[in-house]
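> show me how the following folds:
(one chain, ligands or ions: 1)
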Amino acid sequence: MNVKTRLAAWLLLSFAGCAGQAEKPGLPAIQSKPATSGQVPLSAAKPDSKPLPTVGAHQAASISGDYAGYPALSQFIDDMVKKHHFSRDYLNGLFSQARRKQWTLDYLAKSDQGLKSKPAQGAWSRYRAQFLDDRHINDGIAFWRKHRSALQRARQQYGVPEEYILGIMAVETTFGSSVGNHRIIDALTTLAFDYPRRAEYFRSELENFLLMTRGEGVDPAKPIGSFAGAMGLGQFMPGSFLQWAVDFNGDGHKDLWNPEDAVGSIANYFAQHGWQAGQPVVSAIKGKPVSLATLEPGLSHTYSLSQLQQLGITLAPPSPCPCDHPLHLLMLRHHSHDQYLIGHPNFYVITRYNQSTHYAMAVHELAQAIRSGVGEIADAGYRKK
Ligand SMILES: [Ca+2]
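Model (predicted):
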């Protein structure tokens, strides 16, 4: 995945909260992502009674470098000292080496403008082409074969099928091949103190990052990830790490870069956001109802099955459910036509990872393609259950 694509997935992830259909191919929408991924607000974080030791020889009496003279950073450090008992000199030393990422700010300024427009003709076709290709599918099949045991264990423990865990990792990082090249401390400091539109969110994530690294015994100057601060194979933001990451290989650490921990963490994220085992994700619509254009597509509107049926809209088989749950009308703009589908609650769960119809649909289609490709191996696994 190229950088631009990666960033696109990002803004969709993180900034998902700011647009019900934040589907801007080529634009970043942060994950794993912004309002999506459970950030822990400063006010909600619990004070630590016995702080763990910090890691890294950071020490300074005052802040120097790019972030010298930022009153908001000084206030942030005050809060970290009072709430979480960090050493002031340690944080002064750490932030003295934080770098302001002007490229990120320039990129987001352009992207923010793009968020205001609706998907154009062919938007889904262009987005889909970035992910639904042989590389993503074949790497998914290979990952399934290599980590079959962990994926099966995740399905049994969390009720999330292997292919949807793989669909997330495919779109996010192509199974770890593009996990970002930005220092998280630079990314989050830049967005927390030089990006006013999302300052509160990113200050919360910076707090979460300091708690995460201290808890895991990691030097906060070291981790690398996306320009928005997402980390590992599933591109978790620090707040998502604190709330939903799990130690799935039992080595005593929650490591977002470890394949097994990433598998368990993504499955847990889905489970905690309401994934229903055995329930459908997307259904086709039978025929071509004329009333579709009167309905509002997207994630912010839901319809009951009876409402849809009264308008002549019925789900195409197989739809193995009573479907007595909220349904979303999904509209995908191809080059030559607009496609309408029905999204079930499990589709909505995928959008909790990244609030974008395009994102969730790419995950769904990749899941089906990878599942189909694995075929016999997966079937053998199910039979053993
Ligand atoms: Ca682990």
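
> give me the number of residues near residue 138?
Counted with other CB atoms under 10 Å, residues neighbouring residue 138 total 13. Quick note: C-beta positions are derived from backbone N, CA and C, even for glycine.

> next one: phi and psi at it?
phi -70, psi -40 (degrees, to the nearest 10).

> spit out the contact partners of it.
Counting by CB atoms under 8 Å, 6 or more residues apart in numbering, residue 138 makes contact with residue 373.

> do you know the pLDDT at it?
As predicted, residue 138 sits at a pLDDT of 97.

> give the buried residues for whichever strand or helix holds residue 372.
In the assignment (DSSP states H and E), residue 372 maps to helix 357-374. By 16 or more other CB atoms under 10 Å, the buried positions in helix 357-374 come out as 357-371, 373-374.

> so, low pLDDT: which residues of the stretch 51-200 of the chain?
For the stretch 51-200 of the chain, residues meeting the criterion pLDDT under 70 lie at 114-117.

> leaving out chain neighbours, which residue sits closest to the residue of it found nearest the ion?
Across the stretch 51-200 of the chain, the shortest distance to the ion (CB to the ion) belongs to residue 150, at 10.7 Å. Nearest in space to residue 150, with sequence neighbours left out and distances taken as CB to CB, 6 or more residues apart in numbering, is residue 260 at 4.3 Å.

> ok, back up a step: what is the neighbour count of the residue of the stretch 51-200 of the chain closest to the ion?
21.

> which residues make contact with the one helix or strand residue 151 maps to from outside it?
Secondary structure from DSSP H and E places residue 151 in helix 148-158. Contacts of helix 148-158 with the rest of the structure, by CB under 8 Å, 6+ apart, involve 144, 160-162, 165-166, 248-249, 259-260, 263-264, 266-268, 270-271, 275, 377, 381, 385.

> near the ion too, which of those?
Filtering the contacts of helix 148-158 for neighbours of the ion using CB under 5 Å from the ion leaves residue 249.

> wait, doesn't the residue nearest to residue 150 sit right on residue 143?
No. Using CB atoms under 8 Å, residue 260 is not in contact with residue 143, being 11.4 Å away.

> of those two, which one has the most company?
In this view residue 260 and residue 143 are compared by other CB under 10 Å, and residue 143 has more residues nearby, 24 against 20.

> ok, that one - contacts?
166, 169, 175, 259.

> neighbours of the nearest residue to the first one once chain neighbours are set aside, how many?
Once flanking residues are discounted, residue 166 sits nearest to residue 140: 4.6 Å by CB to CB, 6+ apart. For residue 140, the number of neighbouring residues by other CB under 10 Å comes to 26.

> residues contacting residue 140?
Residue 140 touches 163, 166, 167, 169, 170, 175, 366, 369, 370, 373, counting by CB under 8 Å, 6+ apart.
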